[in-house]
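J.: Sharing a model prediction with you, sequence too.
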Amino acid sequence: MEKLEAALAKAREMRRSALGSPEVVRDKVVSKGGNSGADWMALPEIKLSPALASRNRITALSGGADATPYDMLRSRVIRMMKDKGWSRLAITSPGSSCGKTTISVNLALSLSRQKDLKVMLVDLDLRRPALHKTVGHEPAMSIHDVLDGTAAFENLAVRVGGNLILAMNAGAARHPAELLQSAAARERLDEIERVWQPDIMIFDMSPMLASDDNVGFLPNVDCALLVAAAESTTLANIDICEKELAQLTNVLGIVLNKCRYSDDSVGYGYGYAAYG
Ligand SMILES: Nc1ncnc2c1ncn2[C@@H]1O[C@H](COP(=O)(O)OP(=O)(O)OP(=O)(O)O)[C@@H](O)[C@H]1O
Ligand SMILES: [Mg+2]
């Protein structure tokens, strides 16, 4: 893992000096205005079952040692995003099963333990949506129905506690790439942000190498985290995806998930190499 981190840092440094690392600026149309937005407490609440949470590696539900890695990631994400005035974060990976959904949920929960932050987690893996399974909820409709104009956000959104909204999918979308890059979906997303006024929106995306779904959507976010599975994602694929991601948005960092540490007390968790 140290070798991987060192190689990534070196590649990043080379790119940074070659390109001058310009910031990718999103076209923002959302103005927060003076009021605090729609009433989050009016949404139905779901409770995450502790048994399911433990099975699905949701360890950031309450604080404590198990939440520490996510709390550390949270602090870094907040600091970097606040510095730049960013509100939208995409989480993606080169291939499948790197841990995007697991990390998205844990990061959202960790952020939402800061009661002054309003957090929204949106499942935008429209081919193999899994957020609903990870948290054990069966939505009647999908966020892709909202993005294509056939459903209302308030009929689908649920909350966890008072300051975390989850927007999930009941199943796959029919034309995910076309939908994700449509102007209509972009406007509906802006509308959701304008009405609900989250401080941070996290988008759980699909893998980059499996489709072009993310390419059309990523210009709608401020920044992204790239999740790699330490023992299965190749350095070449991390490098290809990090370069592509950097063309589309600002790369907050690379999360190395599924790391086996030599110290057993640390367990089979994740480490990350974030830069900014
Ligand atoms: N740190 C970890 N250690 C071990 N297993 C993990 C870790 N993080 C996630 N997993 C497991 O790996 C599997 C894939 O995780 P997850 O669904 O979060 O990945 P994903 O990148 O969202 O996958 P997909 O590409 O299918 O959307 C799950 O069974 C999850 O519990
Ligand atoms: Mg996933």
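T.: Received, thanks. Numbering: from 1, shown residues only. Ligands and ions are numbered 1, 2, ... in the order given.

J.: and Ala183, what does it touch?
T.: Contacts for Ala183 (C-beta atoms under 8 Å, 6 or more residues apart in numbering) come out as none. (Each C-beta comes from the backbone N, C-alpha and C, glycine too.)

J.: same question, the one 3 residues further on
T.: When the contact criterion is C-beta under 8 Å, 6+ apart, the partners of Arg186 are Asn220.

J.: what's the distance between it and Ser112?
T.: 25 Å (C-beta to C-beta, to the nearest Å).

J.: Neighbours of the residue nearest to Arg88 when sequence neighbours are not counted, how many?
T.: Counting by C-beta to C-beta, 6 or more residues apart in numbering, the nearest residue to Arg88 once its immediate chain neighbours are dropped is Val221, at 4.1 Å. By the criterion of other C-beta atoms under 10 Å, Val221 has 26 neighbours.

J.: Same check on Leu164?
T.: So Leu164, with other C-beta under 10 Å, has 22 neighbours.

J.: Please look at it and Leu121 and confirm they touch.
T.: Yes - judged on C-beta atoms under 8 Å, Leu164 makes contact with Leu121 at a distance of 6.9 Å.

J.: Mutual contacts of those two, please.
T.: Counting by C-beta under 8 Å, 6+ apart, the residues touching both Leu164 and Leu121 are Ala108.

J.: Dihedrals phi and psi, the nearest residue to Ser96 once chain neighbours are set aside?
T.: Once flanking residues are discounted, Ser96 sits nearest to Pro207: 4.8 Å by C-beta to C-beta, 6+ apart. For Pro207, the backbone dihedrals (degrees, to the nearest 10) come out as phi -70, psi 150.

J.: could you list every residue that touches Pro207?
T.: Thr92, Ser93, Pro94, Gly95, Ser96, Cys98, Lys100.

J.: partners of the first one in the sheet?
T.: Taking DSSP bridges as the rule, Thr92 bridges to Leu226.

J.: Give me the number of neighbouring residues for it.
T.: Count around Thr92 with other C-beta under 10 Å applied: 28.

J.: Cool, thanks, signing off.
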